[in-house]
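1. sequence-free structure coming up:
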């Protein structure tokens, strides 16, 4: 059997139509469906079981509600109840000697009289099949027998429960009965007992005995009615408890909507406001310090550049003046030397004139530039101005922009913190909501206690009824033996009792033979899942009471309470795995939140050894904390594809996306 597609129409947290593709790709059996808590992960498993089994689906998800109440609550709160909701499952399985595609659609809606109407429509290879649609609850057993379905569809809570060996006894008894068809044997034994009781009653002719037996029957009728009343009281208490749970959830929701959450963390919000204000003060101080330095010059960049040019020109003019003074002294000395040489050599005075003009013209040219100094700029000031013009102003501007951006962010942070603090309601504003929440919590507690009390009362009446039935049976047998004269009746009773004994013996022998096969499968599974290789050497199942016994390598019984929680859960998984193998049915495995309480080592073993090998199709519903990026890498090529369930608070609905939750949050490349 291969699950191909699950369609949710306004079911639970999913508003509108949503399709999950479940077909494994190639030889990759594992389909990962990741979700955060509260986004519809468990809803997927509920929808699948509801599509297949309807009212006979496991009742754990109903939270004490009747089937009709559960269907009414399962309609998405954004949908009109008269339109209703639907779940649809497409799968492939062998039917009439061929591999066929079946599609089961289960829809329901609220009728005018507020009753829930339900419809089941089945298609085979795309064509409607009226026979399957009308009697689907009988035909589904051919595909997924309810007696073994819990071996393939289970959640972490069931694993944790099966870790208790007392609970596992019930699992073994139910599973073995479903695997071997022993429920038919039990039904036949019960039918024979009814037949014997009827024959014994028919054989009673004595009037006094008849009156006595009639009084027993009357008392039994009274006890039956009391049991029915007690059962009805349990149902009513369960409904009251469910309503109390809903009222508490509604009160909690109203409390949160009115700012209850922010009120509870008011101290944290006030601390954030204080931190934001301190940060704003620091940025303001840094801005003040910056303004006390050269930063104001950014307002007059053209003036800075003009002043710099004037200061540089003045400095150059001053340097030329000092040079002219030096040249004047040098020229005077040079001319004096030339005159002396001229006089000694008889050089004409006219030859001196070109030299004097050349030197005089050079001095005049160097001193002819006149730049007015606007201020007395020192060399250090001129260098500073040149530094500002040559990139200093840009650096100042960049630093100022960073300071302004930091200050703006700090101001925004203060504004946001102030708005958040202002939105925190005062305790007086929440007073009524707090009282309402407390009352709802107390009502839930009282309703839960009342439910437990009515269940205890029902159990007591049920035990009383069983005792009365046993007493009636004993008296019928006594009277029948005394008054039974008809030979045919005696022979029928004798053969019936012999047949019942034979059936019981058949059941014990079949259970014993199949228990050996289950033991081998469970041991094989346990050895692949337990990290301590020498912890477990054999597994024994008592056919008479289905008691599971674990033995170590020294053939000593292993006390489960001395094992770690992870080891007990691994043994529970081994039991489920071994029973599933013994079932011999190629059914897919669906697991909801399987790893919640496993340590890292057991989680690694579970991921590497169980998930890829549990079945030809393994659908895992988990959070990112259970199956994280490391676990996905360990699964490797065993992963067919991944799906992510996302809750959108704007639409108040969950939706389906491709990819795993850790991939979308960045934990997996």
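-> That came in fine, so what should we check first? Just so you know, these numbers come straight off a predicted model, no measurement behind them. Residues are numbered from 1 along each chain as shown.
2. what comes up buried for stretch 404-417?
-> 406, 407, 410, 413, 414, 417 (16 or more other CB atoms under 10 Å). (Each C-beta comes from the backbone N, C-alpha and C, glycine too.)
3. I should have written stretch 581-593 there, sorry.
-> Those would be 581, 582, 583, 585, 587, 588, 589, 590, 591, 592, 593, for stretch 581-593 by 16+ other CB under 10 Å.
4. can you check stretch 241-250 too?
-> Neighbour counts over stretch 241-250 (16+ other CB under 10 Å) mark 241, 242, 244, 245, 247, 248 as buried.
5. Any chance of TSV for those residues, columns pLDDT, secondary structure and distance to residue 21?
-> Shown next, in TSV, are the buried residues of stretch 241-250 (pLDDT from 0 to 100; DSSP: H, G, I helix; E, B strand; the rest coil; distance: CB to CB, whole Å):
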residue	pLDDT	secondary structure	distance to residue 21
241	85	helix	38
242	81	helix	34
244	86	helix	39
245	83	helix	34
247	85	helix	38
248	84	helix	37
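6. host element of the nearest residue to residue 598 once chain neighbours are set aside?
-> Spatially, and ignoring its direct neighbours in sequence, residue 598 is nearest to residue 566 (5.2 Å; CB to CB, 6 or more residues apart in numbering). Assigned by DSSP states H and E, residue 566 belongs to helix 565-583.
7. where do the strands sit along the stretch 301-450 of the chain?
-> Remark: no strands are assigned in the stretch 301-450 of the chain by DSSP state E, counting those that start in this stretch.
8. With the stretch 551-669 of the chain instead?
-> Using DSSP E, counting those that start in this stretch, strands in the stretch 551-669 of the chain cover 589-592, 618-622, 639-648, 653-658.
9. could I get the ones you listed as TSV with distance to residue 281?
-> Converted to TSV, the strands of the stretch 551-669 of the chain look like this (distance: least, CB to CB, whole Å):
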stretch	distance to residue 281
strand 589-592	53
strand 618-622	48
strand 639-648	40
strand 653-658	45
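10. top helix in this structure by residue count?
-> Secondary structure of the chain per DSSP state H: the longest helix is helix 431-483.
11. and after that one, which helix or strand comes next?
-> helix 487-529.
12. Okay, angle between that following helix and helix 565-583 too, please.
-> Per axes from the mean of the first three to the mean of the last three CA atoms, to 10 degrees, the angle that helix 487-529 makes with helix 565-583 is 130 degrees.
13. picking that back up, find me the pLDDT at the residue nearest to residue 598, would you?
-> Listed pLDDT for residue 566 reads 80.
14. who's in contact with it?
-> 597, 598, 599, 601, 602 (CB atoms under 8 Å, 6 or more residues apart in numbering).
15. Show me the two of those that sit farthest apart.
-> Pairwise distances across the contacts of residue 566 peak at 13.2 Å for 597 and 601 (criterion: CB to CB).
16. Go through the contacts of residue 566 and say which is closest to residue 441.
-> Comparing every one of the contacts of residue 566 with residue 441 (CB to CB), the shortest separation belongs to residue 597, at 26.8 Å.
17. Hmm, residue 419 and residue 273 touching each other?
-> No - using CB atoms under 8 Å as the test, residue 273 is too far from residue 419 to be in contact (10.0 Å).
18. Which one's more surrounded, the two?
-> Set side by side, residue 273 and residue 419 show more neighbours around residue 273, with 19 against 10, by other CB atoms under 10 Å.
19. ok, and the closest non-adjacent residue to that one?
-> Excluding the flanking residues, the one nearest residue 273 by CB to CB, 6+ apart is residue 417, at 4.2 Å.
20. From residue 394, how far out is the one you found?
-> Distance from residue 417 to residue 394, counting by CB to CB, to the nearest Å: 35 Å.
21. What of residue 549?
-> Counting by CB to CB, the gap from residue 549 to residue 394 is 84 Å.
22. three-state assignment of residue 26?
-> coil (DSSP: H, G, I helix; E, B strand; the rest coil).
23. Please state the backbone phi and psi of it?
-> With angles defined as degrees, to the nearest 10, residue 26 sits at phi 60, psi -130.
24. what about it, how many neighbours?
-> 7.
25. Then residue 556?
-> 10.
26. who's in contact with it?
-> Residue 556 neighbours (CB under 8 Å, 6+ apart): none.
27. need the longest strand for this protein.
-> When the chain is scanned for its longest strand (criterion: DSSP state E), the result is strand 98-110.
28. quick one: the helix or strand following that one to strand 98-110, angle?
-> Following strand 98-110 in sequence order, the next helix or strand is strand 116-124 (DSSP H and E). Interaxial angle of strand 116-124 relative to strand 98-110 (the same axes, to 10 degrees): 160 degrees.
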